[in-house]
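A.B. asks: Sequence and computational prediction follow.
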Amino acid sequence: MPQDSNLAPDPQRRLLLQAGAGVAAASLLAACGAPPLKPDQPSAASTRPHLMNNNEIYLLALSGTLPKASQRDAGIARLTAAGFTVSNQEAVSRQYQRFAGTDEERLSDLHNLLKRDAMPRMLLAGRGGYGACRLLPRIDFGKLVPRLKEAGTQVVGYSDFTALQLALLAKGGMGSFAGPMLYSDIGGKTPSAYALQQFMGCLSQSGWQVSVPGRQAETGRGEGLFWGGNLSVLSSLAGSPYLPDIAGGLLFLEDVGEQPYRLERMLQQLYLAGILQKQKAIFLGDFSMGRIVDAYDPSYTLGSVISQMRRELDVPIYTGLPFGHIHDKTTLPLGFPAKFACDENGLTLSFFDYPAHSADGLQPDTLLSAI
């Protein structure tokens with residue numbers, strides 16, 4: 001099941017962070033091959049002031065509760081210091097059972113957007129956990145999606161938030177972003193310089209590139225709609241109207257805390273449903289295996305699962321995308337066109353035609369400040 005990680009960075013990452021946020025971010029950006037942050041780059045959707053509040057981030061907590069007030073407050077404070085106006089803050093402090101409010105309260109956070117004259121710049125997930133899928137049948141996608149698309153609102157999150165992201169794509173052709181969330185990433189005790197620079201860089205630039213150095217199992221190149229997210233959530237939506245039917249796509253998958261056989265079972269579910277076979281390529285992020293080993297055979301690993309899927313599929317599978325329930329994550333446009341190229345030196349993904357908004361008036365570096 002998807003869940004949040006608030007892992008402390010390993011020693012190498014800790015040294016990078018201590019070396020200075022700006023230097024760390026720059027070196028990590030260069031290592032990943034992503035373009036540097038250019039706050040003054042023209043925005044693809046900055047000409048709609050009547051439709052969008054330019055620097056407003058509207059919080060959503062559709063899944064699990066955010067238990068630590070200090071962590072919630074730190075995330076909000078960092079975003080505010082960077083120049084954002086953070087609205088709907090009450091959503092992240094609610095609790096009902098294991099959820100961030102009742103189903104009605106969490107649903108109202110989405111439908112309240114329809115009462116506004118202008119949409120926020122961004123809808124940002126508070127955290128993952130479980131619970132978003134319970135809301136899908138009651139969301140008025142027919143009214144919500146056109147308003148968000150017209151304004152160019154960016155929808156950002158991952159983990160259980162994948163349920164909403166896939167539903168937006170399935171019900172209205174609306175893309176989103178796999179990116180950091182308020183609680184575990186932005187509000188963490190030691191937020192990742194890399195993750196926050198990637199977050200600001202991707203969302204403020206009209207083109208984005210992510211590179212994975214090193215030899216892959218196979219070479220290739222192609223173009224298609226880049227989509228996907230958390231494997232557990234995606235597989236749970238198979239057969240429902242909330243999983244988009246995409247042929248010739250570039251499918252991205254990540255997960256956390258699952259034994260290898262469970263990962264294979266979910267992949268087999270997508271295979272038996274005919275979903276994997278229709279893709280042009282499959283891209284795997286981090287699966288946060290940690291010390292997880294198969295209870296029957298420790299040699300049966302994630303690598304074993306990938307090898308099995310490669311035998312069954314006539315679709316290339318690429319690994320190592322820097323995204324998942326990890327400290328240092330990039331930001332990935334989902335539901336938008338992308339190109340990939342893989343040779344003996346590594347894999348490169350290039351994204352385009354997604355909504356980007358200028359960073360004018362913002363101070364991205366303050367996201368890295370200790371508050």
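C.D. replies: That came through, no problem.

A.B. asks: List the buried residues in the lengthiest strand in the chain.
C.D. replies: Counting by DSSP state E, the longest strand found in the chain is strand 220-230. Neighbour-count burial for strand 220-230, counted by 16 or more other CB atoms under 10 Å, picks out Gly224, Leu225, Phe226, Trp227, Gly228, Gly229, Asn230. Yep, even glycine has a C-beta here, placed from its N, CA and C like the rest.

A.B. asks: Quick check: mean pLDDT of stretch 355-362?
C.D. replies: For stretch 355-362, mean pLDDT is 91.

A.B. asks: what does stretch 61-75 give?
C.D. replies: 97.

A.B. asks: Would you mark the buried spots in that stretch?
C.D. replies: For stretch 61-75, a neighbour-count test (16+ other CB under 10 Å) marks Ala61, Leu62, Ser63, Gly64, Thr65, Leu66, Gln71, Arg72, Ala74, Gly75 as buried.

A.B. asks: Out of the buried residues of strand 220-230, which two sit at the greatest distance?
C.D. replies: Using CB to CB, the two most remote members of these are Gly224 and Asn230, lying 20.0 Å apart.

A.B. asks: in this protein, which spans are helices?
C.D. replies: Counting by DSSP state H, one finds helices in the chain at the ranges 11-18, 21-32, 69-81, 103-111, 141-151, 162-172, 193-204, 231-236, 260-272, 302-312.

A.B. asks: Any chance of those in a markdown table with distance to Arg134 as columns?
C.D. replies: A markdown table is the format used below for those (distance: least, CB to CB, whole Å):
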| stretch | distance to Arg134 |
| --- | --- |
| helix 11-18 | 35 |
| helix 21-32 | 36 |
| helix 69-81 | 22 |
| helix 103-111 | 6 |
| helix 141-151 | 15 |
| helix 162-172 | 9 |
| helix 193-204 | 28 |
| helix 231-236 | 12 |
| helix 260-272 | 20 |
| helix 302-312 | 29 |
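
A.B. asks: Flag the shaky bits of the chain, pLDDT-wise.
C.D. replies: Applying pLDDT under 70 to the chain flags the ranges 1-50, 368-371.

A.B. asks: who's sitting farthest from the centroid in it?
C.D. replies: Residue farthest from the centre of the chain, counting by CA atoms, centre = their mean, is Tyr296 at 32.8 Å.

A.B. asks: distance of that residue from Gly303?
C.D. replies: Tyr296 sits 16 Å away from Gly303, going by CB to CB, to the nearest Å.

A.B. asks: can you check Asp328 too?
C.D. replies: As judged by CB to CB, Asp328 and Gly303 stand 22 Å apart.

A.B. asks: Which one's more surrounded, these two?
C.D. replies: Asp328 (20 against 11; other CB atoms under 10 Å).

A.B. asks: List the contacts of Ile306.
C.D. replies: Each residue near Ile306 by CB atoms under 8 Å, 6 or more residues apart in numbering is listed here: Leu284, Ile317, Thr319.

A.B. asks: one more time with 7 Å
C.D. replies: For Ile306, the contacting residues are Ile317, Thr319, by CB atoms under 7 Å, 6 or more residues apart in numbering.

A.B. asks: what does Ala170 give?
C.D. replies: By CB under 7 Å, 6+ apart, the contact set of Ala170 is Pro241, Tyr242, Leu243, Pro244.

A.B. asks: Equivalent analysis for Leu272, please.
C.D. replies: Contacts of Leu272 (CB under 7 Å, 6+ apart): none.

A.B. asks: I'd like to know how far it sits from Gly201.
C.D. replies: With distances taken as CB to CB, Leu272 is found 39 Å from Gly201.

A.B. asks: The nearest residue to Cys133 once chain neighbours are set aside: neighbouring residues, count only.
C.D. replies: Leaving aside its sequence neighbours, Cys133 sits nearest to Ala163 (CB to CB, 6 or more residues apart in numbering; 4.6 Å). Ala163 has 29 neighbours, counted by other CB under 10 Å.

A.B. asks: What separation is there between Ala163 and Thr219?
C.D. replies: Taken as CB to CB, the span from Ala163 to Thr219 is 34 Å.

A.B. asks: What of Gly229?
C.D. replies: 26 Å.

A.B. asks: returning to what we had before: just send the buried residues of stretch 61-75 back as CSV, with distance to Phe99 too.
C.D. replies: Shown next, in CSV, are the buried residues of stretch 61-75 (distance: CB to CB, whole Å):
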residue, distance to Phe99
Ala61, 8
Leu62, 9
Ser63, 7
Gly64, 7
Thr65, 6
Leu66, 11
Gln71, 18
Arg72, 15
Ala74, 22
Gly75, 19
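
A.B. asks: And the furthest pair within the residues you listed?
C.D. replies: Based on CB to CB, the longest span within these runs between Leu62 and Ala74 and measures 20.9 Å.

A.B. asks: Contacts only, for the residue lying closest to Gly228 once chain neighbours are set aside.
C.D. replies: Excluding the flanking residues, the one nearest Gly228 by CB to CB, 6+ apart is Phe252, at 3.7 Å. For Phe252, the contact set (CB under 7 Å, 6+ apart) comprises Phe226, Trp227, Gly228, Gly229, Phe283, Gly285, Leu321, Leu332.

A.B. asks: Phe252 and Ser204, how far apart?
C.D. replies: Remark: distance between Phe252 and Ser204 (CB to CB) = 22 Å.

A.B. asks: for Tyr271, same thing?
C.D. replies: From Tyr271 to Ser204 the distance is 38 Å (CB to CB).

A.B. asks: Name the residue in those two with the higher neighbour count.
C.D. replies: Comparing Tyr271 with Ser204 by neighbour count (other CB under 10 Å), the higher total belongs to Ser204, at 23 against 16.

A.B. asks: circling back to that earlier point, would you reformat the contacts of Phe252 as JSON lines and include distance to Phe99?
C.D. replies: Converted to JSON lines, those look like this (distance: CB to CB, whole Å):
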{"residue": "Phe226", "distance to Phe99": "30"}
{"residue": "Trp227", "distance to Phe99": "26"}
{"residue": "Gly228", "distance to Phe99": "25"}
{"residue": "Gly229", "distance to Phe99": "20"}
{"residue": "Phe283", "distance to Phe99": "31"}
{"residue": "Gly285", "distance to Phe99": "26"}
{"residue": "Leu321", "distance to Phe99": "30"}
{"residue": "Leu332", "distance to Phe99": "27"}
